[in-house]
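Enquirer: This is a predicted model, with the sequence first.
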Amino acid sequence: MDVRAHVSVIFHLDKCIGCHTCSVACKNVWTDRPGAEYMWWNNVETKPGTGYPTRWENQKKFNGGWKWDGSDKIEMRCQSKADAFLKLFYNPNQPNLDDYYEPFTYKYDDLFTAKLGDDQPTAIPISLITGEPIEIKSGPNWDDDLSGSTIYAENDLNLDNLTEEERNQLFEVERLTMFYLPRICNHCANPTCVAGCPSGAIYKRGEDGIVLINQEKCRGWRACVAACPYKKIYYNWKTGKSEKCVLCFPRLETGQPPACFHSCVGRIRYMGVMLYDADRVPDAMKVPDRALVESQRMAFLDPNDPEVIAAARANGISEEFLDSAKNSPAWKYIMEWKLALPLHIEYRTMPMLFYVPPLLPVMGKSVHGTYNHEARNFFTCLEESRLPVKYLASLFSAGNEQIVEAVMRKLMAVRYYKRWQSVGDMNENDVDKILRDARTTREEVEQIYAMTAIPTHFQRFVLPPLQREEAIESTCSPEACKGCTGFSLDPTFNPRA
Amino acid sequence: MIDAFLFIGLPYIALIVAVIGCVRRARLSKFSMSARSSQFLEDRQLLWGSAPWHIGIIVVLLGHLLAFLLPNIWSSVLTVPVAMFCIETLGIACALLALAGLGTLIFRRLTSARLQAVTTHSDLLVVALLFMQVLLGLLSAIYFRYGSAWSTGTVVPYLWSLLLLQPDMAYVAGFPMLFKLHLIGAWLFILLLPFTRLMHILAVPFTYLWRAPQRVVWNTTRRRQHAVAATIRAESRREFIKGAAGVTGATGLLALGVSSKAVNFFKGASHDPEAESAMLEKKLQRLQLTAEERGYELERQRNSMILVSPYAELDPLKGKYFIDYAMAPGLAFKGKDGMPIVMSAKCTHLGCTVSSMVDDNGRVLCPCHISYFDILTGMPNEGAPAKAPLAQIAWALVDATGKVVASRAPGQPVTGTLTPEALAQCGLYITKPGKASA
């Protein structure tokens, strides 16, 4: 048993209001630089929708992630070790600027310097790359709220599994539905970007599992961009290096949650430590799609198990990490309540970011314009849901609908229970039946409610001190160390010089 | 003069600058090392530019490298006409491929607005020079046929002479201009290597072929623990290696000695006649010397008297050493009465030779363990390590005619006449013990 700690993340999609505050916070902190204007280490997508970069889930085109054919071996879709060398010259799997969008600004100067004339001066859009006027054709959230759009939402790949009837129903104007999907780097336990990097510049931090790119070792071969199935590694066209979400490790090390977490208006984000067995990782993803979610859960270790604690101590995991793991909201959501699910686990990278699927669009399927609260069969709305469970299963459980349904039942049970408590228009026996059917208890429901609706800052973010004083050797300047920890702009480097 | 600069000065300048520059950049400016791909900004034309260019130029450069490194094998392969034809065809085809790719790349650089944003002056310089260089190479290959064959006898020796620090440009000076330019271009590229994007050639990630798929880096506690453990392991390993090396070395030396002896034993003496005769000769010389000495000794023993010294040379304070019949040292003094004192000089303690100098008390010293012997009686002093007296030795004074003038046996009074005039002419002899003086 090789116990490792991982700073793990929960996004509660029921609480996301799609305001993009997280994206803007990240942009201001990290990617407001030449060459990085188009990057959104944190972005929020509308689902159903095509996402950013457009149709990033299309692995037939981008070939990200791992493929498994039932054998002992799990292989990268994008390259083998040998043909990685041919792909240095031209990588057929790499998305180009148009798959994202051409970054732009407006010529605000014209508003002040325009000559006196009959017309109002305007600020025309210009490209942030060429500086030339452009016609804006897309942006990082170009299909925001455009559910039901035949240009965007219809091209969502997760709709492919739906029947014709389900699709038609989804795109009826009165029954349109959508939810938001914020995405950052998943800091996977079995990342393809690390495996694909020819220079060996990408690595996983042993202490907390953050995946970082050593900017001084990166040679710009771009294999990682193609290898990451979530397209969360971005190529900086100006410096010729790849960059990615660093999970705000400088903030983490000082005990603060990352910028996107801290700024989240809906308070949808939770962060806590998970303990996992690194020995189980290589084999955990060699199971059929339907078993992947459960297989990943098997790799996690109970932080209250004395055996695990002893093994963790032997492995150099600090007491602070072990304490955090015991109070981790991530452990509760993923393992205790089994409410949080990974995004597209079928890419087999073992993402360490988990989503609590949204309930509202499911319950929102209604007859005659009212929500359906039938006393006899409380879960019928699940089968007749406005957003098919099949769609959510395609996102969060590699197509295994039972897993998503179990989550939905539990989420609904919490609501029925709280409704009975606060409104009092339900029979107590019915509520107990709902709880039984959802395989939960009053105590658990109370806990879920408390963590979902009224958690404090320190319940949402249980962050261990990362021993910053030990993280960097005392003789080494933190400024000078930036390059090997994921993000730097060498002040002396000027590609135009 | 200009040729000397271009073909001897320039290569050395280029090589030195390239080595120093590349090391400097790889150490101090790691961040600047990147292929600076532009596929992200424009990928349609890049496919038709980058792929053929790189594949073509790599094949051509490998050909150049093989001819340079293995000229003998290369030229022997080329003696087969079919092989030469194939190589020439492949080379020219790849050069054309590279040229076409490069053309596409240049066209793309110049026409795409997005690429203008990332194109530097040095990029333009590099692609322009590359185009010239490949073109010059291709033209040389076409106009001066079978360069793959003739280069091994002309350019390759020139390159090797540069490498061996004995520059010889005899062949190169006579080259056609086309080829000279191609050669100068090559040195220019080496010169430009550390200053342009060309340096990405040195960053080819071969380690990817054998590295583990996942990389984990520990920054804190565990890294330290691992470092300490690794140090301890390394230290104990080092100690073990040191000890093992000592034991092995000693055992080895021992085994060497033993085995050489054993081998000699079983093989018998070596039969080197010269060494053998030299050894025998030495042995003979030694034997002859010993025989001579033994001869002298015997002769002495045969004589009834042995000369100690002329009487006139005797001194009362400084004894005269001689060798007696027992081949032991003896001492002779002139006594106060003018009679000689002759006694053994072999200390009765442990046999050291006593000193010949007589001190104020009329004694001689044995320096080994400090025994003072009275020269008159031969007695050691009180408390000395020696207990017995030094033995008196029988002596005789013989005049010039061979007649014994005076003699004395131990414990006996002096016999014979004792005139000082007669004594002065005499020589002091010791007489054979047990033989009464004549």
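Expert: In hand now; what should we look at?
Enquirer: Can you pull the poorly scored residue ranges out of the chain?
Expert: In the absence of a named chain, this looks at chain A. Within chain A, the stretches with pLDDT under 70 are A:360-381, A:383, A:466-497.
Enquirer: let's do chain B instead
Expert: Applying pLDDT under 70 to chain B flags residues B:220-228, B:269-270, B:417, B:434-438.
Enquirer: can you give me the strands for the stretch 301-438 of chain B?
Expert: Under the criterion DSSP state E, counting those that start in this stretch, the stretch 301-438 of chain B contains strands at B:305-310, B:320-323, B:329-334, B:340-344, B:363-366, B:371-374, B:395-398, B:404-408, B:415-416, B:427-431.
Enquirer: Of those strands, which is nearest chain A?
Expert: With Cβ to the nearest Cβ as the criterion, chain A lies closest to strand B:363-366 of the strands of the stretch 301-438 of chain B, at 74.0 Å. Backbone N, C-alpha and C define where each C-beta goes, glycine included.
Enquirer: I figured A:Cys245 hits A:Lys232, correct?
Expert: Yes: the criterion here is Cβ atoms under 8 Å, and A:Cys245 meets it with A:Lys232 at 6.3 Å.
Enquirer: got the residues of the stretch 201-350 of chain A near chain B?
Expert: Applying Cβ under 8 Å from any Cβ of the partner chain, one finds that the stretch 201-350 of chain A approaches chain B through A:202-207, A:215-222, A:235, A:237-241, A:315-318.
Enquirer: Apply 6 Å and report the result again.
Expert: A:203-204, A:206-207, A:216, A:219-220, A:222, A:235, A:237, A:240-241, A:316 (Cβ under 6 Å from any Cβ of the partner chain).
Enquirer: ok, so of the residues you listed, who is nearest B:Asp272?
Expert: A:Arg219 (66.9 Å; Cβ to Cβ).
Enquirer: wait, isn't the closest one in contact with B:Ala203?
Expert: Yes: A:Arg219 is within contact range of B:Ala203, at 4.6 Å (criterion: Cβ atoms under 6 Å).
Enquirer: neighbour count winner among the two?
Expert: A:Arg219 (25 against 17; other Cβ atoms under 10 Å in any protein chain shown).
Enquirer: Now do the same contact list for that one.
Expert: A:Ser199, B:Ser34, B:Ala203 (Cβ atoms under 6 Å, 6 or more residues apart in numbering or on different chains).
Enquirer: Tell me where the longest helix sits in chain B.
Expert: If you go by DSSP state H, chain B has its longest helix at helix B:221-267.
Enquirer: Report the two of the residues of the stretch 201-350 of chain A next to chain B separated the most.
Expert: Maximum pairwise distance in those, criterion Cβ to Cβ, is 39.7 Å, between A:Trp237 and A:Gly316.
Enquirer: The two: which is more packed in?
Expert: Higher neighbour count among A:Trp237 and A:Gly316: A:Trp237, with 25 against 20, using other Cβ under 10 Å.
Enquirer: Just give the nearest non-adjacent residue to B:His369, would you?
Expert: Nearest residue to B:His369 in three dimensions, chain neighbours excluded: B:Pro385, at 4.3 Å (Cβ to Cβ, 6 or more residues apart in numbering or on different chains).
Enquirer: Isn't the one you found up against B:Cys347?
Expert: No: using Cβ under 6 Å, B:Pro385 is not in contact with B:Cys347; the gap is 8.6 Å.
Enquirer: which one of these two has more residues nearby?
Expert: Legend: neighbour count by other Cβ under 10 Å for B:Pro385 and B:Cys347, higher for B:Cys347 (25 against 14).
Enquirer: ok, the more buried one - contacts?
Expert: Contacts of B:Cys347 by Cβ under 6 Å, 6+ apart are B:Val354, B:Cys366, B:Ala386.
Enquirer: Tell me how far B:Lys318 lies from chain A.
Expert: Between B:Lys318 and chain A the computed distance is 81 Å (Cβ to the nearest Cβ, to the nearest Å).
Enquirer: Any idea what that residue is bridged to?
Expert: Beta-bridge pairing of B:Lys318 under DSSP bridges involves B:Met357.
Enquirer: roughly how far apart are A:Phe249 and A:Lys241?
Expert: With distances taken as Cβ to Cβ, to the nearest Å, A:Phe249 is found 18 Å from A:Lys241.
Enquirer: okay, these two: which has more neighbours?
Expert: A:Lys241 (29 against 22).
Enquirer: you'd agree the more buried one is up against A:Cys218?
Expert: Yes: using Cβ under 6 Å, A:Lys241 is in contact with A:Cys218, at 4.6 Å.
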